[in-house]
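Trainee: I'd like to go over a predicted model; first the sequence, then the structure.
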Amino acid sequence: MANVKVLNMAGEQVGEVELNAAIFGIEPNQAVMHDVVKNHLANCRQGTQSALTRAEVSGGGKKPWRQKGTGHARQGSTRAPQWTHGGIAFAPKPRDYSYVLNKKVKRLAMKSALSAKAQADEVVVIDAIKMNEIKTKTFKNFLNAVGVTGKALVVTAENDEIVVKSARNIPGVNVVFANLINVYDILNAKSFVVDQAALTKIEEVFK
């Protein structure tokens, strides 16, 4: 596997690191990544949509006109779906959209997503992502210095509240911890910016 430059937060090269070929060097499986992204989006759905059926709409107890002799079509209630203020036919009700995928499928999708980023030269390794104060401008300058523009997934080794709060107001930038990365966030970002310590954790988990 090819070596990747290790940069500091000023954008200067301070070393090199070899990416694990078993994680960053496989042939990306498009079908598996699609399945996992679809599963992620389904699991994110709240499923709280609800509408009233004709049985739940108030009113409509009286037959609007007699059955025959009026010239109108026969009607039994003013709350049938074809009436204004009537109920909804096949009304949506709260439901759970989530489903479970095989662990091996999710693992392969993660490796495929990371490999796709590596093959596209979109992996940026930082020696240490640390900040002394919560400052959005400082974090933005850091991203510019390492050549990151547009959507970016910034991965840290552990929860750093200063880094999270500094990045949260930058559109398209998402900060996650190494143990919480997912295929959707990786593929949705243009750049995969990872702390060197976080990279070690990822390689330990998925090797």
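Mentor: Good, I have the coordinates.

Trainee: going forward, measure contacts and count neighbours with C-alpha atoms only.
Mentor: Will do.

Trainee: show me what counts as buried in the single longest helix found in the chain.
Mentor: Secondary structure of the chain per DSSP state H: the longest helix is helix 103-119. For helix 103-119, burial by neighbour count (16 or more other Cα atoms under 10 Å) applies to 106-119.

Trainee: same thing with stretch 195-205?
Mentor: Across stretch 195-205, burial judged by 16+ other Cα under 10 Å covers 195, 196, 197, 198, 199, 201, 202, 203.

Trainee: in helices, which of these fall?
Mentor: Mapping those onto helices (DSSP H) picks out 196, 197, 198, 199, 201, 202, 203.

Trainee: sorry, back to before: which secondary structure elements does the helix or strand that comes right after the longest helix of the chain contact?
Mentor: For helix 103-119, the following helix or strand on the C-terminal side (DSSP states H and E) is strand 123-126. Counting contacts by 3 or more Cα pairs under 8 Å, 6 or more residues apart in numbering; DSSP states H and E, strand 123-126 is packed against strand 3-7, strand 191-195, helix 196-206.

Trainee: tell me how far strand 123-126 lies from the chain's centre.
Mentor: In terms of Cα atoms, centre = their mean, to the nearest Å, the centre of strand 123-126 is found 21 Å from the chain centre.

Trainee: now do stretch 64-72
Mentor: Worked out by Cα atoms, centre = their mean, stretch 64-72 lies 56 Å from the chain centre.

Trainee: pull out the buried residues from that stretch.
Mentor: Per 16+ other Cα under 10 Å, stretch 64-72 contains no buried residues.

Trainee: same question for stretch 139-153.
Mentor: Buried, per 16+ other Cα under 10 Å, within stretch 139-153: 139, 140, 142, 143, 145, 146, 148, 151, 152, 153.
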